[in-house]
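Asker: Give me coordinates for this.
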Amino acid sequence: MPAVIVTDSTAMLPAGVAAERGIAVVPLQVVIGAQVLDEGADGATPELVAEALRSFKPVSTSRPSPARMLEAYEAAAAAGATEVLSIHLSAEMSGTFESAQLAAREASVPVVPVDSRQVGVATGFAVLAAADTLDAGGSVDDAAEAARARAAATRSLFYVDTLEYLRRGGRIGKAAALFGGALAVKPLLQIQDGSVAMLEKVRTSARALARLEELAVEAAGDQSVDVCVAHLASPDRAGQLADHLGARLLGNLGGREIWCGELGAVLGAHVGPGMLAVCVAPRL
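Answerer: Numbers count the residues shown, from 1 in each chain. A predicted model of the protein is given here:
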């Protein structure tokens with residue numbers, strides 16, 4: 001086992017996939033009131049976060065400490081890894097990448113930290129591109145470049161019922177001023193250069209759903225792609241969107257299905273119930 005990939009829980013890799021590919025996942029934490037929980041099925045779940053937000057309980061998130069990242073690197077080294085590739089969500093959105101950089105300095109094996117400049121499953125797709133490169137005999141540097149290239153080519157689009165949760169967490173940045181106080185506006189957003197950026201303003205959630213579909217089809221073009229539809233407490237709308245995209249992108253999917261599921265708890269804490277996202281990742 002010459003090289004191991006480490007990522008964080010916001011990458012939304014299913015546990016079975018991570019285990020099969022030998023990818024170590026370090027959890028971020030969600031703080032609900034005075035309770036601190038690791039993100040995951042046995043701790044902070046999307047359902048728990050959605051309920052807390054609806055009940056107006058204070059919800060915040062926390063990056064893994066450098067010490068916790070170092071534990072993951074040393075566990076990989078103890079299992080026989082001679083190098084580690086550590087791929088994480090955008091440094092503009094979280095201090096997780098900084099923790100990885102700090103831990104890398106103390107690790108007993110070389111560690112290459114990578115800022116995906118993405119969030120959610122877009123980071124997960126970048127991680128899988130790196131894993132494919134390593135499996136094909138590529139070096140850690142090759143795998144890091146594959147991760148960066150796929151993340152840069154990926155389009156992450158999302159709709160939120162309200163900007164309030166993003167405002168509270170400080171994740172909306174300059175886009176907040178562009179929407180102003182127009183509470184009737186339904187915002188379509190995107191990840192651009194590692195940050196949340198305004199894409200369009202629509203008036204209804206139905207229109208938002210239609211525009212997400214059109215934008216995802218445009219992003220796919222004539223490329224072979226992987227597609228994910230994610231949501232927080234909005235399974236019916238997410239299922240409808242996934243079905244429509246599956247029918248329209250059948251030739252782009254190469255026999256694969258569009259993955260549709262709940263957004264992770266950490267990201268869900270910042271966007272709130274009703275959020276819908278589409279990630280379109282070209283297979284480079």
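Asker: Now the nearest residue to Val31 once chain neighbours are set aside: which helix or strand?
Answerer: The spatially closest residue to Val31, leaving aside those adjacent along the chain, is Ser60, at 4.7 Å (CB to CB, 6 or more residues apart in numbering). Every C-beta, even on glycine, is put in place using the N, C-alpha and C of the backbone. Ser60 is located in strand 59-62, with elements delineated by DSSP states H and E.
Asker: okay, now the domains of this protein?
Answerer: Structural domains annotated on the chain: 3-28+63-152, 155-282, as defined by automatic domain parsing.
Asker: Present those domains as TSV; the columns should include distance to Thr45.
Answerer: Formatted as TSV, the entries for the domains of the chain read as follows, by distance: least, CB to CB, whole Å:
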stretch	distance to Thr45
domain 3-28+63-152	11
domain 155-282	6
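Asker: how about the strands in the stretch 51-200 of the chain?
Answerer: Residue ranges of the strands in the stretch 51-200 of the chain, as given by DSSP state E, counting those that start in this stretch, are 59-62, 83-88, 111-115, 155-159, 186-192, 195-202.
Asker: Among these, which comes closest to Val225?
Answerer: The minimum distance between Val225 and those falls on strand 155-159, with 9.4 Å, by CB to CB.
Asker: neighbouring strands for that closest one, and are they parallel or not?
Answerer: Applying DSSP bridges, strand 155-159 is found paired with strand 186-192 (antiparallel), strand 276-282 (antiparallel).
Asker: got the angle between the first one and strand 195-202?
Answerer: I take that to be strand 186-192. Inter-element angle recorded for strand 186-192 and strand 195-202: 150 degrees (by axes from the mean of the first three to the mean of the last three CA atoms, to 10 degrees).
Asker: Give me the buried positions along strand 186-192.
Answerer: Applying a neighbour-count criterion of 16 or more other CB atoms under 10 Å, one finds 186-191 buried in strand 186-192.
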